[in-house]
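Engineer: okay, predicted coordinates and the sequence, questions at the end:
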Amino acid sequence: MTATTKEQWAPCLLLEGLPTACGISTSYAERVPGLYDTPAQAMAAAETAADQRPDAIGCSAKRAEVPA
């Protein structure tokens with residue numbers, strides 16, 4: 001981080017994708033709108049979003065540097 005940036009946390013959902021031709025299922029992350037000051041706040045937002053998505057198989061919070 002620099003003097004012109006600050007740390008924020010972005011909530012993300014882990015979603016199960018469609019099976020590939022060989023039958024392997026892939027997963028991918030989708031960012032939930034919003035940035036939060038703490039990882040706990042971001043995880044709470046991700047968990048709330050996961051409750052609304054039946055294809056969600058997990059959630060996480062990713063650190064982001066944004067302009068201060």
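Structural biologist: Nice, I can see it. Numbering: from 1, shown residues only.

Engineer: give me the residues contacting the helix or strand where W9 lies.
Structural biologist: Assigned by DSSP states H and E, W9 belongs to strand 5-19. Contact with strand 5-19 is made by 1, 25-32, 34-39, 41-43, 45-46, 49-50, 53, 55-68, as judged by C-beta atoms under 8 Å, 6 or more residues apart in numbering. (Glycine included, C-beta is placed from N, CA and C.)

Engineer: middle-most residue in the chain, spatially?
Structural biologist: C12 (0.9 Å; C-alpha atoms, centre = their mean).

Engineer: quick check: beta-bridge partners of it?
Structural biologist: R31, S60 (DSSP bridges).

Engineer: let me know the pLDDT of it.
Structural biologist: Per-residue pLDDT puts C12 at 95.

Engineer: just A29 next, same as before
Structural biologist: A29 is given a pLDDT of 89.

Engineer: which strands or helices does the helix or strand A42 falls within pack on?
Structural biologist: Following DSSP H and E, one finds A42 within helix 39-51. Contact here means 3 or more C-beta pairs under 8 Å, 6 or more residues apart in numbering; DSSP states H and E; on that basis helix 39-51 packs against strand 5-19, strand 56-67.

Engineer: work out the gap between it and the centre of the chain.
Structural biologist: Helix 39-51 has its average C-alpha position 8 Å from the chain's average C-alpha position, going by C-alpha atoms, centre = their mean, to the nearest Å.

Engineer: likewise stretch 30-49?
Structural biologist: 7 Å.

Engineer: what's the answer for stretch 29-47, then?
Structural biologist: 6 Å.

Engineer: and V66, how close does it get to Q41?
Structural biologist: In this view, V66 and Q41 are 15 Å apart by C-beta to C-beta, to the nearest Å.

Engineer: more neighbours, these two?
Structural biologist: Comparing V66 with Q41 by other C-beta atoms under 10 Å, the one with more neighbours is Q41, at 16 against 11.
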